[in-house]
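[1] Pasting the sequence and the predicted model now:
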Amino acid sequence: MKQRLLVAAPPIAAVFFSLLVSGIVLLASGANPFEALANVAEYGTRLNTLVDTLNWSTPLYLSAIAVAIGFRMNLFNIGVEGQYILAAFIAAQVGYIVSLPPVLHVALIILTAMLVGGFWAGLSGFMKVTRNVHEVISTIMLNAIAVGGIVSYLLGVWDVPDAGLDTALGEIPKSGWFPSLSPAVEAVTGQTTRTSLWGFILVAIAVGVGYHFLMNRTRIGFDLRATGANAPAAEASGVDPKRTVVIAMVLSGLVAGLVGLPELLGDTHAYSLRFTQGLGFAGIAVALLGRNHAGGIAVAALLFGWLSRASGVLEVRGDAPREIVAIIQGVIILSVVVAYSIAERYRRIEAARAAAALVGEER
């Protein structure tokens, strides 16, 4: 019972504390916190807002899973940003120039994105094990090379003339589009949705299940967790730490390659200057909030997605600037980190007391 309380109490306490701080921030900005939060809740429960929330949460979830794979081994893959942008860019061009039947076309685009992401992240792992280059440094540099170098250069080279005022690649044929789930939503709810529900959410769910199974039911997952918990002990038991580093970074990159595909295959169907960026860095916050657990990350991604989509009503109705949501998200992250730190400290104290009591009984 006490263990369950230690698991449930931190996020619950963090939510209440975040609401309190959010109310104070809204009050300081000149808004009525009760009216503002009521408007957000009312707007956030509309069907279209919920669909937007799911769409926005899908790439956030994939990004956080990619980050979490590294976190489980004490690797900080800050390069998810560059990995998913480069992967989406190359995959979009491959999808544009290739003509295949629908299922094969989509599969090729997904495979291309995963291979590009895995290769780009694998470079960082290779540099770490061969030249002892810290993954934070190497992934930051690779981000700059991917986005500011490769993508920027090739976008100008591959740009199609009919893109208008935008700079964009050619549009992927319909055979490469991922099916929408809006018909299923409309059949269940009886309402027509303004925006399409991206079907890539099914892939994200499969990735989450695969991540949980890999980490908790396979030898590779055990090696990753063991190395992250105690690298010398893991090496003494026969785990090759260098091999494990490369595997972890490649797996992280494979998932990172999928981050841009929900938007690419479900909405824009082409890469352009307007392609969403920043998902890699947002995934770090989501992974931390979800404690690197597949289920926890899902809740965190939905929370961040809902706040992002529902916050627009604050500006529309004049309650507060939309940017105030960034403050709320930051408060939530800090609250959860502090709450879990306190819970972990209490858990260690209790374990020490239990061990001392056991030793006393044996004497």
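    Structure's in. What do you need?
[2] Show me what the helix or strand where residue 186 lies packs onto, helices and strands only.
    Assessed by DSSP states H and E, residue 186 sits inside helix 182-189. Helices and strands touching helix 182-189, by 3 or more C-beta pairs under 8 Å, 6 or more residues apart in numbering; DSSP states H and E, are helix 47-71. Where C-beta positions appear, they are placed from N, C-alpha and C, glycine not excepted.
[3] Quick one: mean pLDDT for the helix it packs on?
    Mean pLDDT, helix 47-71: 96.
[4] contacts for the helix holding residue 186?
    47, 51, 192-193, 196-197 (C-beta atoms under 8 Å, 6 or more residues apart in numbering).
[5] Can you tell me which of those residues are buried?
    The neighbour-count test (16 or more other C-beta atoms under 10 Å) applied to the contacts of helix 182-189 identifies 47, 51, 193, 196-197 as buried.
[6] Can you add distance to residue 138 and give those residues back as TSV?
    Listed next are these as TSV, based on distance: C-beta to C-beta, whole Å:
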residue	distance to residue 138
47	44
51	38
193	42
196	38
197	37
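[7] just curious, which of those is nearest to residue 65?
    Nearest to residue 65 among the buried ones among the contacts of helix 182-189 is residue 197, at 20.1 Å by C-beta to C-beta.
[8] The closest one contacts residue 51, doesn't it?
    Yes: here residue 197 reaches residue 51: they are 5.0 Å apart, a contact under C-beta atoms under 8 Å.
[9] and the helix or strand following the helix holding residue 186, what does it pack onto?
    Once helix 182-189 ends, the next helix or strand along the chain (criterion: DSSP H and E) is helix 201-217. Secondary-structure packing of helix 201-217 (3+ C-beta pairs under 8 Å, 6+ apart): helix 47-71, helix 219-229, helix 241-256, helix 261-263, helix 294-310.
[10] what about 6 Å?
    In terms of contacts (3 or more C-beta pairs under 6 Å, 6 or more residues apart in numbering; DSSP states H and E), helix 201-217 is packed against helix 47-71, helix 294-310.
[11] any idea which helix or strand carries residue 292?
    Following DSSP H and E, one finds residue 292 outside all helices and strands.
[12] that older thread, would TSV of the contacts of helix 182-189 with distance to residue 13 be doable?
    What follows is the contacts of helix 182-189, written out as TSV (distance: C-beta to C-beta, whole Å):
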residue	distance to residue 13
47	32
51	31
192	40
193	36
196	38
197	33
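[13] Can you report how many residues neighbour residue 115?
    Around residue 115 there are 16 other residues, counting by other C-beta atoms under 10 Å.
[14] Start the count at 58 instead of 1 going forward.
    Yep, numbering from 58; the last one is residue 172 now.
[15] Excluding sequence neighbours, find me the nearest residue to it.
    Using C-beta to C-beta, 6 or more residues apart in numbering and skipping the chain neighbours, the partner closest in space to residue 172 is residue 314 (7.2 Å).
[16] residues in contact with that neighbour?
    By C-beta atoms under 6 Å, 6 or more residues apart in numbering, residue 314 lies in contact with 144, 170-171, 173-174.
[17] among these, which are in helices?
    Cross-referencing those against helices under DSSP state H gives 144, 170-171, 173-174.
[18] Could you export those residues as JSON lines, including neighbour count, distance to residue 92 and pLDDT?
    JSON lines is the format used below for these (neighbours: other C-beta atoms under 10 Å; distance: C-beta to C-beta, whole Å; pLDDT from 0 to 100):
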{"residue": "144", "neighbour count": "31", "distance to residue 92": "43", "pLDDT": "98"}
{"residue": "170", "neighbour count": "30", "distance to residue 92": "44", "pLDDT": "98"}
{"residue": "171", "neighbour count": "19", "distance to residue 92": "46", "pLDDT": "98"}
{"residue": "173", "neighbour count": "24", "distance to residue 92": "47", "pLDDT": "98"}
{"residue": "174", "neighbour count": "32", "distance to residue 92": "44", "pLDDT": "98"}
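[19] and residue 316, what does it touch?
    Contacts of residue 316 by C-beta under 6 Å, 6+ apart are 116, 119-120, 141, 336.
[20] and of those residues, the nearest to residue 348?
    Out of the contacts of residue 316, the member with the shortest distance to residue 348 (by C-beta to C-beta) is residue 120, at 15.8 Å.
[21] For the residue nearest to residue 384 when sequence neighbours are not counted, give its distance to residue 348.
    Distance criterion C-beta to C-beta, 6+ apart; nearest residue to residue 384, sequence neighbours excluded, is residue 82 at 5.6 Å. Going from residue 82 to residue 348 by C-beta to C-beta, to the nearest Å gives 25 Å.
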